[in-house]
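Trainee: everything below, folded, please.
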Amino acid sequence: MANERKTEVIVRSHFDKFKDKIGIEEQRSDNPKIDKLLKTASKKGSGKGFPEFIITLRDNSDFLIVVECKADASKHESPNRDKYSEYAVDGALLYASYLSKEFDVLAIAVSGENQRELKISHYLHLKNENKAMPKFGDILLDIDSYLNGYINSEEKFRQDLYALREFSSELNDKLHNIKIAASERSLLISSILIALTEKAFCKTYKEYDTPEELANALVYTVSNVLRKANLRSENLENLNIQFSFVRTDTALSKEHGVLRFLIDDIDKHINSFKKTHEYYDVLGQLYIEFLKYANSDKGLGIVLTPPHITELFCDLAMVNKDSVVYDNCAGTCGFLISALSKMIKDAKGDLIKEKQIKNKQLIGVEYQAKIFALACSNMYIHKDGKTNIIRGNCFENGVIEQVKTYKPIIGFLNPPYKADKKKDPEELEFVLNNLEVLEPGGICIAIVPMQSALAQKGEIYALKKQLLRKHTLEAALSMPDELFYDTGVGVVTCIMIFIAHKPHPINKETYFGYYKDDGFVKRKNKGRVDAFGKWENIKEKWVESYINRKAKAGFSVNKIVTADDEWCAEAYMETDYSTLSKEIFEETVKNYMIFKLTNGVV
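Mentor: Okay, here's the model as predicted:
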């Protein structure tokens, strides 16, 4: 006769090895919150639930492990997972669904009486999510592996990012209410994040008697931290000027508790996120939120690139530990931070190489003083790399020559969008400028308005001809129409990829991708988000298709083009009729007729 106690012994002996890191309880919990959640979690439909094991972690009170055991391996999982009392997976998922109202839960189902026949399944059910997702594999792991896998999972990242966005919206409202100018909000946040890297400030900021003393201490700490970080003197002077408003702002320096509580909130919500997701562009995300209220900044053409697109750039360019990356329109350094993340990962713990990457392999130029201060702050917060952020005009000869000394082989940019049609440079002028400093054979990837790809006359057309005379157009990728929805900008964009200093061959086929669906959807108060976890698979498909130059109806095509042609997939690719249904056809015809009626063309 099957004996479930044997299964429990296997599980208990495994987790007993980690008793210094965990607490193990059986059937019930002394934690009143857990006990309350289990009161209605009976596997038989009413009454209390009694999991085999409830495991809490000493270093993370938000994370629980719940284990359900069955002796018979054939009772591991039912087809519909609704036989809660009979099957291990079904029961584990039931308990997780109740416990996830207050915790992030790893549900582990174990069946079998010995190691040879043992079956193991893992499911991660995050707090307030509708369902659990398969995670890990089919063997029991050590506690550190479970904890790291949970913390670094895509599911946890999405959850944390939603929380960060919600907090940034609340923070923006709070800063608006205390009359902090929209243009200074990101600077305030960055100054606090920098100060919180100083242990002495962390220990003492709550002890200052007056708001004025705390404001002065904050600015002094930031200046001192950046000075010790060997920032160039002219750059340090600029940053001191930009951060000085903290000392004079009425709410921050005069009103009791305002600045202190801001520091508390930022440490709790932003600093903790940054520590977990080290190379995510937190300041960039906050700046996007604040940008919604900063019409003057939009007028300057600032449209920050979404983080998943900066990561896409790195994959398209195959960034590695030996790459030297340049952004001539650095903004808050989103591209450089994504590149830094890839390069550090590829260094595989080589500390000497990591130092070289941060000191010599990331170069950025930013013209606007406030944005430059954010760029330097952002790179410092991400553990150095700020040394080669240059304040200046990327078109100036001195800046161009300075950048060339680093011998960059990869160029990334999202140029400022043209606001003044008579005075501002065209977006493609920035692309040419980026290509100019790259080593021969280097790759430049730029995201620009679609009109830059379509022009067949005028100044943009002349720039297209100039680009092909000097460089090779490898690819043009049409981006989602609402890619910049979160910044409140409706511009439709494409990505252009060039090989530097190799004139475009006459018979060269360029790859065109119709990359319109990135899997992101709009959610109220959250903006465009990867709600269904589709992005990683979509990105892999996009990158693979580009690298292998795959032509697929309705998605991609290879075509010989000149400056006279439109540089977009829509102009050349075949229609994929296999996806056409009667419903889609009828809906399209209806929309077309409505369009004609609305515009008076019938």
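
Trainee: now the end-to-end length of stretch 515-522.
Mentor: 18 Å (C-alpha to C-alpha, to the nearest Å).

Trainee: please read the previous query as pertaining to stretch 549-562.
Mentor: 19 Å.

Trainee: list the buried ones in that stretch?
Mentor: Ala551, Phe555, Ser556, Val557, Lys559, Val561 (16 or more other C-beta atoms under 10 Å). To be clear about C-beta, it is placed using only N, CA and C from the backbone, and glycine gets the same treatment.

Trainee: taking the residues you listed, tell me the two that lie furthest apart.
Mentor: Pairwise distances across these (C-beta to C-beta) peak at 18.0 Å, for the pair Phe555 and Val561.

Trainee: now distance to Ile352 too, for the buried residues of stretch 549-562, in JSON lines please.
Mentor: Output for those, formatted as JSON lines (distance: C-beta to C-beta, whole Å):
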{"residue": "Ala551", "distance to Ile352": "44"}
{"residue": "Phe555", "distance to Ile352": "43"}
{"residue": "Ser556", "distance to Ile352": "41"}
{"residue": "Val557", "distance to Ile352": "45"}
{"residue": "Lys559", "distance to Ile352": "46"}
{"residue": "Val561", "distance to Ile352": "45"}
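
Trainee: which of the residues you listed fall in strands?
Mentor: Counting by DSSP state E, the part of the buried residues of stretch 549-562 found in strands is Ser556, Val557, Lys559.

Trainee: among those residues, which one sits closest to Val282?
Mentor: Ser556 (34.1 Å).

Trainee: that closest one - nearest residue in space that isn't next to it in sequence?
Mentor: Gly513 (4.7 Å; C-beta to C-beta, 6 or more residues apart in numbering).

Trainee: list the contacts of the one you found.
Mentor: Ala475, Ala476, Leu477, Ser478, Trp542, Ser545, Tyr546, Phe555, Ser556, Ala569 (C-beta atoms under 8 Å, 6 or more residues apart in numbering).

Trainee: next, count neighbours for Phe18.
Mentor: 15 (other C-beta atoms under 10 Å).

Trainee: relative to Thr40, how far out is it?
Mentor: Distance of Phe18 to Thr40, given as C-beta to C-beta, to the nearest Å: 30 Å.

Trainee: Thr204 too?
Mentor: For Thr204, the distance to Thr40 (C-beta to C-beta) stands at 47 Å.

Trainee: one more: Thr405?
Mentor: Distance from Thr405 to Thr40, by C-beta to C-beta: 68 Å.

Trainee: who's more crowded, these two?
Mentor: Neighbour count, other C-beta under 10 Å: between Thr405 and Thr40, Thr40 has more, with 12 against 9.

Trainee: adding pLDDT and distance to Glu255, write the buried residues of stretch 549-562 out as CSV.
Mentor: Shown next, in CSV, are these (pLDDT from 0 to 100; distance: C-beta to C-beta, whole Å):
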residue, pLDDT, distance to Glu255
Ala551, 92, 63
Phe555, 94, 56
Ser556, 95, 57
Val557, 96, 61
Lys559, 96, 62
Val561, 96, 60
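
Trainee: nearest to Phe261, of those residues?
Mentor: Phe555 (50.8 Å).

Trainee: quick one on the thing from earlier: quick one: which of the contacts of Gly513 sit in strands?
Mentor: Ala475, Ala476, Leu477, Ser478, Ser556.

Trainee: closest to Asn240 out of those?
Mentor: Closest to Asn240, out of all of the ones in strands among the contacts of Gly513 and judged by C-beta to C-beta, is Leu477, at 41.5 Å.

Trainee: any buried residues in the strand ranked longest in the chain, and which?
Mentor: Criterion DSSP E: the longest strand present in the chain is strand 60-70. Buried residues in strand 60-70, counted by 16+ other C-beta under 10 Å: Phe63, Leu64, Ile65, Val66, Val67, Glu68, Cys69, Lys70.

Trainee: now those as CSV including distance to Leu164 and pLDDT?
Mentor: Shown next, in CSV, are those (distance: C-beta to C-beta, whole Å; pLDDT from 0 to 100):
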residue, distance to Leu164, pLDDT
Phe63, 18, 92
Leu64, 23, 94
Ile65, 25, 94
Val66, 27, 94
Val67, 31, 94
Glu68, 33, 93
Cys69, 37, 91
Lys70, 40, 92
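
Trainee: thinking again about what came up before, just checking: what are the partner strands of the helix or strand harbouring the residue nearest to Ser556?
Mentor: Using DSSP states H and E, Gly513 sits within strand 509-514. Sheet pairing for strand 509-514, assigned by DSSP bridges, gives strand 472-478 (parallel), strand 556-560 (antiparallel).

Trainee: identify all contacting residues around the shortest one.
Mentor: With contact meaning C-beta under 8 Å, 6+ apart, strand 556-560 is reached by 507-514, 545, 549-551, 565, 569, 572-574.

Trainee: kindly export that strand (C-alpha atoms) in PDB.
Mentor: Written as PDB, here are the backbone C-alpha positions of strand 556-560 (Å, rounded to 0.1, in the frame of the first residue of the first chain):
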ATOM      1  CA  SER A 556      10.000  40.400 -43.700                       C
ATOM      2  CA  VAL A 557      11.500  40.800 -47.100                       C
ATOM      3  CA  ASN A 558      15.000  41.300 -48.700                       C
ATOM      4  CA  LYS A 559      15.000  44.100 -51.300                       C
ATOM      5  CA  ILE A 560      17.600  46.100 -53.300                       C
END
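
Trainee: least trustworthy helix or strand in the protein by mean pLDDT?
Mentor: helix 295-299 (a mean of 43; mean pLDDT, DSSP states H and E).

Trainee: quick one: pLDDT of Asn591?
Mentor: Per-residue confidence (pLDDT) for Asn591: 57.

Trainee: now swap in Ile594 and tell me
Mentor: 60.
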